[in-house]
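J.: below is the sequence, then the predicted model.
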Amino acid sequence: MNASITERQAALMGMGDSRLRKEDARFIQGKGNYVDDIKMPGMLHMAIVRSPFAHARIKGINKAKALAIPGVLAVLTADDLKPLKLHWMPTLAGDVQAVLADAKVHFQMQEVAVVIAEDRYIADDAVQAVEVEYEELPAVVDPHKALLPEAPVLREDLAGKSEGAHGKRYHPNHIFTWEAGDQAAADAALAKAEVKVEQKMFYPRVHPCPLETCGCVASFDPIRGELTTYMTSQAPHVVRTVVSMLSGIPESKVRIISPDIGGGFGNKVPIYPGYVCAIVASIVLGRPVKWVEDRIENISSTGFARDYHMSGELAATKDGKITGLKVNVIADHGAFDSCADPSKFPAGMFHICTGSYAIPSAYCRVDGVYTNKAPGGVAYRCSFRVTEAVYLIERMVDVLAQKLNLDKAEIRARNFIRKEQFPYKSALGFEYDSGDYHTALKKVLDAVDYKGLRAEQAAKRADPKSPTLMGIGLVSFTEVVGAGPSKICDILGVGMFDSCEIRVHPTGSAIARMGTISQGQGHQTTYAQIIATELGLPSEVIQVEEGDTSTAPYGLGTYGSRSTPVAGAAIAMASRKIHAKAKKIAAHLLEVSENDLDWEIDRFKVKGNDAKFKTMKDVAWAAYHQPPAGMEPGLEAVHYYDPPNFTFPFGIYLCVVDISKATGETAIRRFYALDDCGTRINPMIIEGQIHGGLTEGFAVAMGQLLSFDEQGNIQGNTLMDYFLPTMVETPRWETDHTVTPSPHHPIGAKGVAESPHVGSIPTFTSAVVDAFAHLGVTHMEMPHTSARVWKQLQASGVACE
Amino acid sequence: MQVKVEKQYPIATGVEQAWKILSDVPELAACMPGADLSEKVDDQHYKGNIKIKVGPVTAAFGGEIEILDLLVADKTIRLRGKGSDKGGSSASMDLTALLQAGEKPGECVLVGSADVIVNGKFAQFGGRMLNSVTDMVLDQFAQNFSAKAAALQPAASAGADTSRAAAPQMNTQLNALTIAWQLLKDFFANLFGRRKSGAAD
């Protein structure tokens, strides 16, 4: 008996199906396999001696006491790495970074020496026994002060170099100047503007703080000359290339394995000194070496995010039509420029800062600066610097609306790029693929009864006895993700394509191997769904493998919402190659011409004859058993997908807050998130990703902050201080969607996991500021902690005694 | 990490008695919990050590004390202390201490102001506790100072220099448990103090 079309469709659990995550069975039973779960015979442990000072000269290192501890095998310093030329290493941003501090330390918690011992306890004890003598130097923590003529020179290793990786450096502490757009046109728009607004804002330094910290197990086999390293890396292939280049071991003998990863959020893209030292130690000692950082080390020394001092100017007509945008940014990159961006974009995709609006003229300039803080500048759950850009433009539009006394929703609707304008070329050089902002905005405003909310707010404002201030935040963001076209995007010269290799086995199951690596995204589940729909094989019999450079095709990894836009496309394209071959086989089996075949869900059928068909499963058997004469047996394909453009997911977020006039506490009454990520592969996983991203956005906007005192001491680098929301603090999320597929993507998908982070942060600020808008407040700096909000209540004279 | 401290402590002796301690650096150092002077370089310079434990961090600072001013007429001493610890902390302090006559005869007030800069591990992990810890260290110091000055009194009136033999009861170590207990006590005191005053309003 033949199953109905709907039943056959449902059996595949392909695209659009809220199929349960394949990963969860092992995670919820504690059967995941993370780096720290890996134990190898004879494995040693490494711990790091770190600088207590932000800026100091190293006058001497005494290893004697540490080496005297039983069980300590070695203590390595920069002097030990020098003969190997590994005391410094290149960064992804074209700078160099000290692997172990060479003569000087540049930030607190910088790596100064490593201890290798028989177990972790001995290693940690020996770290305390390494005596380092320092001569303290004045520290610079404010990037504005770093650019003063009298500022101390931080990077003595770059002395006299007036040319950096991205052009001229005008000060010893200056890294680069990066510009986009037409400055003259933006200036002209501002000069003749009917209305102008200007706003300075600081996007503070935060840390992605994944639950699993960074670490690796390096194992060099001296007999075979092979190096295998398990590593918490979001980009294992790139790591393999770099390790091969640094060590001289042929890439074919370097194997990097990213096993299960407990969250990345950009923090696991860079290559850290700890990885390099563990690899060197394993090569030197001929035994496996494990290094896993603790929480304080993770927050203090590995990739931070943001730290952008931004100022924006908008030019507009009296009725609120934006005519020009000008943006200046001082970007604090810390001690080394180890920002993880595509090579040609030192400020990432910050030039998406014209947002969802048709702004005819725009100019932005970003100046990167060295300070005595940890290096980084990673894309914390966002495509490179898109969070900063979206924050800037959404804040500016709010400020303009306030100046013109226009409603936030109205000013956005007046400036949106209209549906028929896509593909839209922005003034800063992007070509937006597709969008329908007006429809999405209307859907949100209707869903929350926006007019009703505004009326309630007006009533509360009129009532001096109201115990709370009510604020409504609204954001209409557009992201640029899926980096990217290799003609403009590369990492260390490798184009930012991604890859997929699919093998269909004789009995109709399949394996797909990918160049990306999931850190919680659910690739094993969603990738299989794409293949299921493309090839008509049930997703249950499709295995997805990632993260092992010895088995997977070369790919650039998972960050910047690039997995679905790039690797997802590679899957579809590889599937289509298989599909094309399968069709030939089916035609041969059915003894008809290919043109006489129709594809239907899971089978090729002869046109007009439903009874005459061959399923993909039949075809797979035939491919190994009786392929047509002259055809290679087997059914497999590889595809390297170089995207023609980025994708541009968007969303409309609305937030209602009630702020206690007595305590400054901000209660999130409602958060409504409408996302448009194009074609939806697994609605349940999308929902989960949106919940996660909103929660991290809530964390950043309401509490996360890495602060430093004037001497460069990091303050609050433990989870006692650094805000990581749990279920207790997290608000309830409401989600919604529209679907505007990407026209250039094989399945129309745009990527989604970062949208909720990017979009929600300015929404919270918009809501908190809105609560004070009637009191003349146009901007408040994040994080919006109760203490800060309470100060604003005092300053605005509305605090309740 | 920078902390400014301005403090006043009542001392149970007259100004002249107290000045004997305040102007005598070894005696003064002996009032400091956890501190000991190891070497007198000259009249203005001394070397010494101080041990402190805050939360997870123990530090043994070795450093120097320099007397910047000793104004007998004003009963004022200004000194600078600088030190570092092998575990990776450093600290410096500019201290001005002076004695004023008390409300009653036979009492005086020790007025101190200090700029303390702490760097390294101490500042990183102890940052949140630094103010409370500084307060406690100085409170203990003032108690010791007062006890020492008081112990000096009978000896002084007897006209014999036996003051050092009459060792008063002193806190000589800054102990982590004491600090934790004190912090907890202060926390509750604040909590209930605030509630009470709130209820009274």
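T.: Now that the structure is in, tell me what you want to look at.

J.: make it CA atoms for all contacts and neighbour counts henceforth
T.: OK.

J.: can you read off the pLDDT for B:Asp115?
T.: Note on B:Asp115: pLDDT of 89.

J.: that one and B:Val25: what is the separation?
T.: 19 Å (CA to CA, to the nearest Å).

J.: now do B:Leu68
T.: 12 Å.

J.: out of these two, which sits in the busier spot?
T.: Per other CA atoms under 10 Å in any protein chain shown, whichever of B:Leu68 and B:Val25 has more neighbours is B:Val25, with 22 against 15.

J.: for the one helix or strand A:Ile531 maps to, what is the distance to the chain centroid?
T.: Element membership of A:Ile531, judged by DSSP states H and E, is helix A:523-535. Counting by CA atoms, centre = their mean, to the nearest Å, helix A:523-535 is centred 23 Å from the centre of its parent chain.

J.: now stretch A:693-702
T.: Centroid separation for stretch A:693-702 versus its chain: 14 Å, with CA atoms, centre = their mean.

J.: that older thread, quick check: mean pLDDT of the helix holding A:Ile531?
T.: 97.

J.: note down every partner strand of the next helix or strand after it and its orientation.
T.: Tracing the chain past helix A:523-535, the next element assigned as helix or strand by DSSP H and E is strand A:542-546. Strand A:542-546 has the following strand partners under DSSP bridges: strand A:510-514 (parallel).

J.: neighbours of the closest residue to chain A within chain B, how many?
T.: Residue of chain B nearest chain A, by CA to the nearest CA: B:Gly120 (4.3 Å). Neighbour count for B:Gly120, taken as other CA under 10 Å: 26.

J.: list the contacts of stretch A:146-165.
T.: Outside stretch A:146-165, the residues that touch it by CA atoms under 8 Å, 6 or more residues apart in numbering or on different chains are A:93-95, A:106, A:138, A:140, A:145, A:168-176, A:335, A:369-372.

J.: try 10 Å this time
T.: A:55, A:93-96, A:102, A:104-106, A:137-140, A:144-145, A:168-177, A:332, A:335-336, A:343-344, A:346, A:369-372 (CA atoms under 10 Å, 6 or more residues apart in numbering or on different chains).

J.: among those, the buried ones, what's the PyMOL command?
T.: Selection of buried members from the contacts of stretch A:146-165 for PyMOL, criterion 16 or more other CA atoms under 10 Å in any protein chain shown:
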select buried, chain A and resi 55+93+94+95+96+102+104+105+106+137+139+140+169+171+172+173+174+175+176+177+332+335+336+343+344+346+369+370+371+372
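
J.: in helices, which of the contacts of stretch A:146-165 fall?
T.: Within those, membership in helices is found for A:His144, A:Lys145, as judged by DSSP state H.

J.: mark which of the contacts of stretch A:146-165 are part of strands, please.
T.: A:Val96, A:Lys104, A:Val105, A:Lys168, A:His174, A:Ile175, A:Phe176, A:Thr177, A:Asp332, A:Val369, A:Tyr370 (DSSP state E).

J.: picking that back up, mind listing what's buried in the helix holding A:Ile531?
T.: Neighbour count says helix A:523-535 has A:523-535 buried, by 16+ other CA under 10 Å.

J.: just want the angle from it to strand A:542-546.
T.: Calculated by axes from the mean of the first three to the mean of the last three CA atoms, to 10 degrees, helix A:523-535 forms an angle of 130 degrees with strand A:542-546.

J.: what's helix A:523-535 packed up against?
T.: The contact analysis (3 or more CA pairs under 10 Å, 6 or more residues apart in numbering or on different chains; DSSP states H and E) places helix A:523-535 against helix A:5-12, strand A:510-514, strand A:542-546, helix A:569-590, helix A:683-702.

J.: and these as a markdown table, adding mean neighbour count and distance to A:Asp124?
T.: As requested, those are exported to a markdown table (neighbours: other CA atoms under 10 Å in any protein chain shown; distance: least, CA to CA, whole Å):
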| stretch | mean neighbour count | distance to A:Asp124 |
| --- | --- | --- |
| helix A:5-12 | 15 | 52 |
| strand A:510-514 | 24 | 38 |
| strand A:542-546 | 22 | 33 |
| helix A:569-590 | 22 | 45 |
| helix A:683-702 | 22 | 32 |
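
J.: what's the burial count for residue 28?
T.: Picking chain A for this. Neighbours of A:Ile28 under the rule other CA under 10 Å: 9.

J.: can you look at chain B instead?
T.: B:Leu28: 18 neighbours (other CA under 10 Å).

J.: that one in helix, strand or coil?
T.: The assignment at B:Leu28 comes out as helix when based on DSSP: H, G, I helix; E, B strand; the rest coil.

J.: coming back round to it: need the helices and strands packed on helix A:523-535 in a markdown table (columns: mean pLDDT).
T.: Shown next, in a markdown table, are the helices and strands packed on helix A:523-535 (pLDDT from 0 to 100):
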| stretch | mean pLDDT |
| --- | --- |
| helix A:5-12 | 96 |
| strand A:510-514 | 98 |
| strand A:542-546 | 97 |
| helix A:569-590 | 98 |
| helix A:683-702 | 97 |
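
J.: pipe these into a markdown table and attach distance to B:Ile52 per row.
T.: Shown next, in a markdown table, are those (distance: least, CA to CA, whole Å):
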| stretch | distance to B:Ile52 |
| --- | --- |
| helix A:5-12 | 67 |
| strand A:510-514 | 55 |
| strand A:542-546 | 51 |
| helix A:569-590 | 61 |
| helix A:683-702 | 35 |
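
J.: and those: which comes nearest A:Glu297?
T.: Proximity to A:Glu297 (CA to CA) singles out helix A:683-702 among the helices and strands packed on helix A:523-535, at 19.9 Å.

J.: may I have stretch A:425-445 as CSV, with CA atoms only?
T.: Only the C-alpha atoms of stretch A:425-445 are listed here, as CSV (Å, rounded to 0.1, in the frame of the first residue of the first chain):
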residue,chain,number,x,y,z
LYS,A,425,22.6,49.1,-2.3
SER,A,426,23.5,51.0,1.0
ALA,A,427,25.5,54.2,1.2
LEU,A,428,28.2,52.2,3.0
GLY,A,429,28.5,49.6,0.3
PHE,A,430,26.4,46.6,1.2
GLU,A,431,23.8,45.1,-1.2
TYR,A,432,20.9,44.0,1.0
ASP,A,433,19.3,40.8,-0.4
SER,A,434,15.7,41.0,0.6
GLY,A,435,13.4,42.4,3.3
ASP,A,436,9.9,43.5,4.1
TYR,A,437,10.2,45.7,7.1
HIS,A,438,6.8,47.5,6.9
THR,A,439,4.9,44.2,7.1
ALA,A,440,7.0,43.0,10.0
LEU,A,441,6.6,46.3,11.9
LYS,A,442,2.8,46.3,11.5
LYS,A,443,2.6,42.7,12.7
VAL,A,444,4.4,43.5,15.9
LEU,A,445,2.5,46.7,16.6
